[in-house]
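*Asks:* Sequence unavailable; structure follows:
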Ligand SMILES: Cc1cc2nc3c(=O)[nH]c(=O)nc-3n(C[C@H](O)[C@H](O)[C@H](O)COP(=O)(O)OP(=O)(O)OC[C@H]3O[C@@H](n4cnc5c(N)ncnc54)[C@H](O)[C@@H]3O)c2cc1C
């Protein structure tokens, strides 16, 4: 929150807490002064700040230097500086992993699909398998149409999202996240179709409030208790709880029915090398990034 005050991209206030660098620094300055008034000069106050947010519109090094001067004058004794922000966490994490892998001489082979028959698997002492998951594509008539793409493809290749009228099938976390991005950042008209009585049941409850508010602000229509029964080039046919069917027009249909394990390679490796194989991440059970990273960590530390 302190960082949000200190960046014009988030701080849109027009009172004395927004606008100029002095105003944007007012909230952290008041915090520093309050701490100083309690601890006095015997205890150093360290302020952690991202010098460069590293995204268009975010705080630059130049902006941050002005803030540092104001904060120093307010009594900060030392700065703990870094770069990036939550918005660029993916970028920072990827960079961090790339550097660590290089430093540790890990042999990374890109564009190489393991089939289970490779000699390296027979020769190595241990195998950790993390082949991830694939989108669930239920046997709904028309799902293989050109206008239907999976939620993963929607993220990977924005050019495949044609037209203004988008219907997202499935109101879980990934469907809602995709719907919000399309409506708020790309100005598309988005409808989410969910067969359960409620959308976002798998969204962490603290995030639900903000997510639903943002979906509403972005004009996303949520249709619950509604099942997708067919798709064609003009849109989809849905069925309500009462069994009544109706058509919804769509230029692009995004299938966000969840993810499933693709165990073909995993099972083959497990079968051939069961004693030395450990399966991690979504290949073990569909979950979240934290669980996959934890699985990998425990697998590595147990070697
Ligand atoms: C649309 C969407 C949004 C999501 N959003 C979030 C979120 O906001 N927060 C969150 O915590 N989680 C989220 N998740 C879940 C999260 O992405 C997964 O839990 C996590 O990526 C699992 O990590 P993993 O390493 O097991 O698999 P993955 O990240 O899928 O990695 C598996 C890798 O294995 C490679 N691979 C597969 N088969 C082979 C083979 N035969 N040979 C060689 N390589 C192979 C794949 O190319 C892939 O790079 C989301 C998932 C989806 C689909």
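*Replies:* Everything's here; your move. Since this is a predicted model, take the numbers as computed values, not measurements.
*Asks:* quick one, phi psi at whichever residue of the stretch 201-303 of the chain sits closest to the ligand?
*Replies:* Residue nearest to the ligand within the stretch 201-303 of the chain: residue 281 (2.1 Å; Cβ to the nearest ligand atom). No exception for glycine: its C-beta is placed from N, CA and C like everyone else's. The phi/psi pair for residue 281 (degrees, to the nearest 10) reads phi 70, psi -150.
*Asks:* In contact with it, which residues?
*Replies:* Residues in contact with residue 281, defined by Cβ atoms under 8 Å, 6 or more residues apart in numbering, are 130, 132, 287, 291, 292, 295, 296.
*Asks:* The same query, at a cut-off of 6 Å, please.
*Replies:* Residue 281 makes contact with 130, 292, 295, according to Cβ atoms under 6 Å, 6 or more residues apart in numbering.
*Asks:* Would you reformat those as JSON lines and include secondary structure, distance to the ligand and pLDDT?
*Replies:* Putting the contacts of residue 281 into JSON lines (DSSP: H, G, I helix; E, B strand; the rest coil; distance: Cβ to the nearest ligand atom, whole Å; pLDDT from 0 to 100) gives the following:
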{"residue": "130", "secondary structure": "coil", "distance to the ligand": "4", "pLDDT": "96"}
{"residue": "292", "secondary structure": "helix", "distance to the ligand": "3", "pLDDT": "95"}
{"residue": "295", "secondary structure": "helix", "distance to the ligand": "7", "pLDDT": "97"}
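*Asks:* I'd like these as TSV, with neighbour count appended.
*Replies:* TSV is the format used below for the contacts of residue 281 (neighbours: other Cβ atoms under 10 Å):
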residue	neighbour count
130	16
292	20
295	21
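*Asks:* follow-up on the earlier one: please report how far the residue of the stretch 201-303 of the chain closest to the ligand lies from residue 56.
*Replies:* Distance, residue 281 to residue 56, by Cβ to Cβ, to the nearest Å: 32 Å.
*Asks:* Residue 62 too?
*Replies:* From residue 62 across to residue 56, the span is 15 Å (Cβ to Cβ).
*Asks:* Looking only at neighbour counts, state which of the two leads.
*Replies:* residue 62 (9 against 6; other Cβ atoms under 10 Å).
*Asks:* What does the pLDDT read for residue 115?
*Replies:* Listed pLDDT for residue 115 reads 96.
*Asks:* Can you name the helix or strand that the residue lying closest to it once chain neighbours are set aside falls in?
*Replies:* Excluding its sequence neighbours, the residue lying closest to residue 115 (Cβ to Cβ, 6 or more residues apart in numbering) is residue 265, at 6.5 Å. Assigned by DSSP states H and E, residue 265 belongs to helix 264-272.
*Asks:* Spell out which residues belonging to the chain are near the ligand, please.
*Replies:* 113-114, 130-133, 151-152, 155, 174, 259, 265, 281-283, 287-290, 292 (Cβ under 6 Å from any ligand atom).
*Asks:* In strands, which of those residues fall?
*Replies:* Counting by DSSP state E, the residues of the chain next to the ligand place 133, 259 in strands.
*Asks:* Where do the domain boundaries of the chain fall?
*Replies:* Using automatic domain parsing, the domain ranges for the chain come out as 2-87, 109-132+262-301, 134-260.
*Asks:* Out of those domains, which is closest to residue 99?
*Replies:* domain 2-87 (13.6 Å; Cβ to Cβ).
*Asks:* Could you give the separation of the helix or strand of the chain with the lowest mean pLDDT from the chain centroid?
*Replies:* The weakest-scoring helix or strand in the chain, judged by mean pLDDT, DSSP states H and E, is helix 89-103 (a mean of 86). Its chain's average C-alpha position is 17 Å from that of helix 89-103, according to Cα atoms, centre = their mean, to the nearest Å.
*Asks:* buried residues in that helix?
*Replies:* Under the neighbour-count criterion of 16 or more other Cβ atoms under 10 Å, helix 89-103 has residue 92 buried.
*Asks:* With stretch 110-128 instead?
*Replies:* In stretch 110-128, the ones that count as buried by 16+ other Cβ under 10 Å are 114, 116, 121, 127, 128.
*Asks:* same thing with stretch 196-210?
*Replies:* Buried residues in stretch 196-210 (16+ other Cβ under 10 Å): 199, 200, 203, 208.
*Asks:* Let me see the backbone angles for the third one.
*Replies:* If I follow you right, that is residue 203. Residue 203 adopts backbone torsions of phi -90, psi 130, taken as degrees, to the nearest 10.
*Asks:* Now do the residue of the stretch 201-303 of the chain closest to the ligand, the pLDDT please.
*Replies:* pLDDT for residue 281: 96.
*Asks:* cool, and residue 141?
*Replies:* pLDDT, residue 141: 97.
*Asks:* Likewise for the one 10 residues further on?
*Replies:* Residue 151 is assigned a pLDDT of 96 by the prediction.
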